[in-house]
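Colleague: model the structure of this input:
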Amino acid sequence: MPAPARVVIESVRPQVDGGRYPVKRALGEDVLVEVDVFADGHDQVACVLLWRFQEETEWKAVPMEFRHNDHWAAAFTVEKLGRYQYKVRAWVDPFLTWRRDLVKRKDAGHDLAVDFLIGSKLVRDPILADASRGAEERYQAAMGAPVPTPAREAVVESDALEVVVDPVRARFSAWYEMFPRSARGDGRHAPFGDVVERLPYVQEMGFDVLYFPPIHPIGTTARKGKNNAVAAQPGEVGSPWAIGAKEGGHKAVLPELGSLEDFRSLVKEAGKRGIDIALDIAFQCSPDHPYVKEHPEWFRARPDGTVQYAENPPKKYQDIYPFDFETTAWRSLWEELKGVFEFWISHDVKIFRVDNPHTKAFAFWEWCIRELKAKHPELIFLSEAFTRPRIMHKLAKVGFTQSYTYFTWRNSKQELVEYFTELTQTESREYFRPNVWPNTPDILHETLQTGGRPAFIVRVVLAATLAASYGVYGPAYELLEHSPREPGSEEYLDSEKYEVKRWDLERADSLRELIARLNRVRHDHPALQRDWSLRFHDIANPQLLVYSKTEQDDVVIVAVNLDFLHPQSGFVELDLESLGLAPHETFEVHDLLSGGRYAWSGSRNYIELNPHQLPAHLFKVVRRV
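Modeller: Below you'll find the model as predicted:
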């Protein structure tokens, strides 16, 4: 019986929770695998990185590179959507140990005759064993000899880990949310045909994803009225999240919007313009949903026999019935809910924003998303969960492609630096892809209520440049909607959630041109299409925030004034090494928002921003030749 293998493999990374969950990458990205490999004594160890696509049986291999302190690294590129496996193989290598020591002995002037004989046993090379050959010839034969395959009993392998590969749009995207029923803009309920007419507007602003709140029939029982009134008045349209009526439920379209064929035509027209349609999937029902009568076992009954409506005390949602994920009929419930996704996938939808997934079972999401992506690896799932951090992260681990963040509530310099350092520089970046939103139909932050036009500009610049994926709820955003329902509320006054809105898209103060410019810059600059290169730079003024992103030779520097009332100035201390610039190097920065050009030199440079002109710089670094 051979002795146990001596090599030790520790701390293979990236991995999530010891390999319980996969890491994430987008198509074409590298997976850099790092590991600690060592053995007792002084013998040489060797290790290789192995990887394979989910449908392959053969492993590909690449030697790992020794870095320092028993630390090794190698990378492979993911070239297909789906899942890859990777692991590390290592062993103590007698041949490499012998050749290393041979070099040392030669440099020390030792007689190598015995060493050549030892080597000949390791590689079966006749030149090494032939004492009639010259020492130099035998030495060169040793240096050129192929490394023999290690003995099986000497080899140790790590457990296999997984990486999920998603479309590039999972890493880099700009989302525009709108209510289809308000597409006319004149206060009358719009059909999908009017949404088609709105597509050029969305395309001109440079958005990749057009996201709709639920498009299903809306219940009439307990329908909410304007400004979330408990009782709707005749003719009021209700909340799209109160899903289900006599016309159908989650697999039906609100008749006022049109037919399924109309929807499919809209998806096709959007695709011609490079826009993906994203649907909101909200797993809840109005009291009128067919599920309530057909499957009462999927809902929780109260002692008086009525169905338990949704509550988040003191808030009550009498127009919504949540599913009971602890029902004994959970298997049929899970299959039906997965079928909702499958239905819309069959109608050419590949991107889903999921409403409040944290109120449904984690086990359901892990099963459902894995089942769906096994057949459709191109799918993208955005988790809308403004909840406790561990819950948000758990949802990302179990399969959600992107995640909402706390960006809306991170407004000071310290808050932004700490939060985005966490998102981009800690191990959570391996599975948690942020998608940041300065507003949503549910959230009008105090900053936008009180900060005026400068606040809207700063927040969208931050969203579009701190994160590779971001979104806005429009036209409320570009038209600077800022009135709360009441003081201290984050709800919009006359919220579009409960009524068809009037929108004047041609208003002179609209931010549409600024947003279009931002999105053009994002598409033109690879540095803004990834998150991990984000670096903050020191500037003493607490109202000025300066940060950069890099991608090879593409270097972008962003500066924003967080004071929406007063001009602010200061000297930034740039980390030149992170920018690929030499000390004392002179370079130009071109402002891609205003068109201004400035000559900078070295690490210390002056910045001044007036919120009443343009409260942000978006610089492209141009090196002088």
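Colleague: partners of the worst-scoring helix or strand of the chain on mean pLDDT, with directions?
Modeller: For the chain, counting by mean pLDDT, DSSP states H and E, strand 315-317 ranks last in confidence among helices and strands (a mean of 80). Strand 315-317 sits in its sheet next to strand 310-312 (antiparallel), going by DSSP bridges.
Colleague: buried residues in the partner strand, which are they?
Modeller: If you call a residue buried by 16 or more other C-beta atoms under 10 Å, then strand 310-312 has these buried ones: residue 310. Bear in mind the C-beta positions are built from the backbone N, C-alpha and C, glycine included.
Colleague: and that strand, how far out from the chain middle?
Modeller: 29 Å (C-alpha atoms, centre = their mean, to the nearest Å).
Colleague: with stretch 398-405 instead?
Modeller: Counting by C-alpha atoms, centre = their mean, stretch 398-405 comes out at 7 Å from the chain centroid.
Colleague: give the rounded mean pLDDT of it.
Modeller: Per-residue pLDDT over stretch 398-405 has a mean of 98.
Colleague: residue numbering should commence at 138 henceforth.
Modeller: Yes, from this point I'll number from 138; that puts the last item at stretch 535-542.
Colleague: end to end on it, go ahead and measure it.
Modeller: End-to-end span of stretch 535-542 (C-alpha to C-alpha, to the nearest Å): 17 Å.
Colleague: contacts for that stretch?
Modeller: Stretch 535-542 has contacts (C-beta atoms under 8 Å, 6 or more residues apart in numbering) with 158, 161, 301, 303, 307, 491, 494, 499, 502-503, 505-507, 510, 516-523, 529, 532-533, 556, 560, 569-574, 604, 606.
Colleague: which among the residues you listed count as buried?
Modeller: Buried members of these, scored by 16+ other C-beta under 10 Å, are 158, 161, 301, 303, 307, 491, 494, 499, 502-503, 505-506, 510, 516-523, 529, 532-533, 556, 560, 569-574, 604, 606.
Colleague: compute the number of surrounding residues for residue 445.
Modeller: Neighbours of residue 445 under the rule other C-beta atoms under 10 Å: 12.
Colleague: surely it is in contact with residue 429?
Modeller: No. Contact criterion C-beta atoms under 8 Å: residue 445 and residue 429 do not qualify, at 11.7 Å.
Colleague: give the contact list for the residue nearest the centre of the chain.
Modeller: Nearest residue to the geometric centre of the chain (C-alpha atoms, centre = their mean): residue 570, 2.4 Å. By C-beta under 8 Å, 6+ apart, the residues touching residue 570 are 161, 307, 308, 533, 538, 539, 540, 606, 668.
Colleague: do residue 524 as well
Modeller: Contacts of residue 524 (C-beta under 8 Å, 6+ apart): residue 495.
Colleague: wasn't it part of a helix?
Modeller: No. Assignment of residue 524 by DSSP: H, G, I helix; E, B strand; the rest coil gives coil, placing it outside any helix.
Colleague: for it, give its distance to residue 531.
Modeller: To residue 531, residue 524 is 10 Å away according to C-beta to C-beta, to the nearest Å.
Colleague: residue 244 now?
Modeller: Per C-beta to C-beta, residue 244 is found 56 Å from residue 531.
Colleague: now residue 420
Modeller: From residue 420 to residue 531 the distance is 17 Å (C-beta to C-beta).
Colleague: check residue 697 too.
Modeller: With C-beta to C-beta as the criterion, residue 697 and residue 531 are 32 Å apart.
Colleague: more crowded one of the two?
Modeller: More crowded of residue 697 and residue 531, by other C-beta under 10 Å: residue 697, with 28 against 20.
Colleague: so what's that one closest to, chain neighbours aside?
Modeller: Nearest residue to residue 697, sequence neighbours excluded (C-beta to C-beta, 6 or more residues apart in numbering): residue 753, at 4.5 Å.
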